[in-house]
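J.: Just a sequence and a predicted model for now, questions to come.
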Amino acid sequence: MPPCSFNPEEYKDMSKERMMEIRRQNCNPMTMKVTYYKKPVYIHQGHMQWLWDVDGRRYLDLFAGVATVSVGHCHPKVTAAAEKQLRKLWHTTNIYVYSPLHEYTEKLAATLPDPLKVIYLTNSGSEANDLAMLMARLHTGNFDVITLR
């Protein structure tokens, strides 16, 4: 692997055995059945494209946030921007008028063709799906929905 100058903190949290006990007793049962590894990967810390496990082994993270926040881990620019925002305001509703929300929607709208320049922000993918279904019903007057798996 290429060199990396970052040194993760020493792992001092709960044991692997305790994590697995909690996982078996309190977490979604699928987390015990669906895995891509022969042995669990016990992640401790991330930096940029790298992850470290509780034993200090480094991995190249090809998931890197799956699809929602695929910017790697703790990128200095992303971390600084998030910290700056978190020191101002963590969360609010779009009922309130807040400058960063409008700056973002203006930039996003500028990348879209004219009929698609209206932005409706939601908190999650499931909310976005609900919104799409409700808007389609409103637009078409039809209430039947077909879903595919």
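T.: In hand now; what should we look at? Numbers count the residues shown, from 1 in each chain.
J.: Packing partners of the worst-scoring helix or strand of the chain on mean pLDDT?
T.: Lowest mean confidence among the helices and strands of the chain (mean pLDDT, DSSP states H and E): helix 30-33, at a mean of 82. Helix 30-33 sits against helix 16-26, with contacts defined as 3 or more Cβ pairs under 8 Å, 6 or more residues apart in numbering; DSSP states H and E. (C-beta placed from N, C-alpha, C; glycine too.)
J.: now the strands for the protein?
T.: Taking DSSP state E to define them, one finds strands in the chain at 43-47, 50-53, 58-60.
J.: Take those strands and write them to TSV, including mean neighbour count and distance to Ala136.
T.: Converted to TSV, these look like this (neighbours: other Cβ atoms under 10 Å; distance: least, Cβ to Cβ, whole Å):
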stretch	mean neighbour count	distance to Ala136
strand 43-47	17	38
strand 50-53	20	40
strand 58-60	13	41
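J.: Between those strands, which one is closest to His139.
T.: Relative to His139, the nearest member of the strands of the chain by Cβ to Cβ is strand 43-47, separated by 42.1 Å.
J.: In the record's domain split, what are the boundaries for the protein?
T.: According to automatic domain parsing, the chain comprises the domains 16-77, 91-140.
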